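Chemist: what follows is a predicted protein model with its sequence.
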Amino acid sequence: MPVFSFGRHADRDVVRILDEFPQMNVGAPCPLMLADENRLAVAYYLQIAPSSPADQATLHVVDPTKSLLSAALVKIKGCLAVRSGHPNDEALHGHRLYPRGLHAYAVSEVHQSSWIDEIDQANSVHHEHVPGHFKSKRHIIFTFHDSTLEVLCDSFEYEVHHETVFGLLPLMEEFLKR
């Protein structure tokens, strides 16, 4: 029986921020996820740009059902695995990839992902296993204020809308129905 160890090759992980994504809201991105076995739709608020210097000190209360703001809708295809939850921004320095370049409030990609290696190793017990079968997958990480989302996928794209996060549900459902 094989022995599985998470992060066996974690010293090879290289984290790079995907600068093309607009800045997520650092205080209340209010992420919402909808998924089937192959696709994942993620909606979250983008950073609110202050309109004046006085506005910088203003607290903005954000409600994902009522706040009409700029929001990203990320459409992810070919999902192999998804992790969601801990750590939040205050504990992100405890994440296994923090020393490799992981930052809070960002969308990043992990190159030479040890998570992909782990899944390949776990799949090696399958009688038709092909070593390296999952190497083409992309490892994407969203580091929100209160949680972290990691995805192994084939591809992703995003759109920006002026909507509530929950108002994007019909678009999320439409994406999953295709």
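Modeler: Cool, the structure landed. Numbering: from 1, shown residues only.
Chemist: ok, which stretches of this protein are helices?
Modeler: In the chain, the helices defined using DSSP state H lie at 114-123, 169-177.
Chemist: can you point out the buried residues in the shortest one?
Modeler: Neighbour counts over helix 169-177 (16 or more other Cβ atoms under 10 Å) mark 171-172, 175 as buried. Using the backbone N, CA and C atoms, a C-beta is placed for each residue, glycine as well.
Chemist: residue contacts, the residue most central in space within the chain?
Modeler: Note on the chain: the residue nearest the mean C-alpha position is residue 142, at 3.2 Å, using Cα atoms, centre = their mean. Contacts of residue 142 were listed using Cβ atoms under 8 Å, 6 or more residues apart in numbering, and they are 24, 31, 42, 44, 74, 106-107, 148-150.
Chemist: who wins for neighbours among those?
Modeler: residue 42 (28 neighbours; other Cβ atoms under 10 Å).
Chemist: bridging residues for that one?
Modeler: Beta-bridge partners for residue 42, by DSSP bridges, are residue 33, residue 74.
Chemist: how close does it sit to residue 13?
Modeler: 22 Å (Cβ to Cβ, to the nearest Å).
Chemist: residues near the nearest residue to residue 171 once chain neighbours are set aside, how many?
Modeler: Spatial nearest neighbour of residue 171, chain neighbours left out: residue 73 (5.9 Å); criterion: Cβ to Cβ, 6 or more residues apart in numbering. Close neighbours of residue 73, defined as other Cβ under 10 Å, add up to 20.
Chemist: number of nearby residues for residue 29?
Modeler: 27.
Chemist: hmm, residue 43 and it touching each other?
Modeler: No: here residue 29 does not reach residue 43: they are 9.4 Å apart, not a contact under Cβ atoms under 8 Å.
Chemist: ok so, going back, nearest to residue 37, of the helices of the chain?
Modeler: helix 169-177 (10.3 Å; Cβ to Cβ).
Chemist: mind saving the C-alpha coords of that closest one as PDB?
Modeler: Taking Å, rounded to 0.1, in the frame of the first residue of the first chain, the C-alpha atoms of helix 169-177 are listed here in PDB:
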ATOM      1  CA  LEU A 169     -26.400  33.700  -9.200                       C
ATOM      2  CA  PRO A 170     -28.400  33.500 -12.500                       C
ATOM      3  CA  LEU A 171     -25.100  34.000 -14.400                       C
ATOM      4  CA  MET A 172     -23.400  31.400 -12.300                       C
ATOM      5  CA  GLU A 173     -26.200  28.900 -12.900                       C
ATOM      6  CA  GLU A 174     -26.200  29.600 -16.600                       C
ATOM      7  CA  PHE A 175     -22.400  28.900 -16.700                       C
ATOM      8  CA  LEU A 176     -22.900  25.500 -14.900                       C
ATOM      9  CA  LYS A 177     -25.800  24.500 -17.300                       C
END
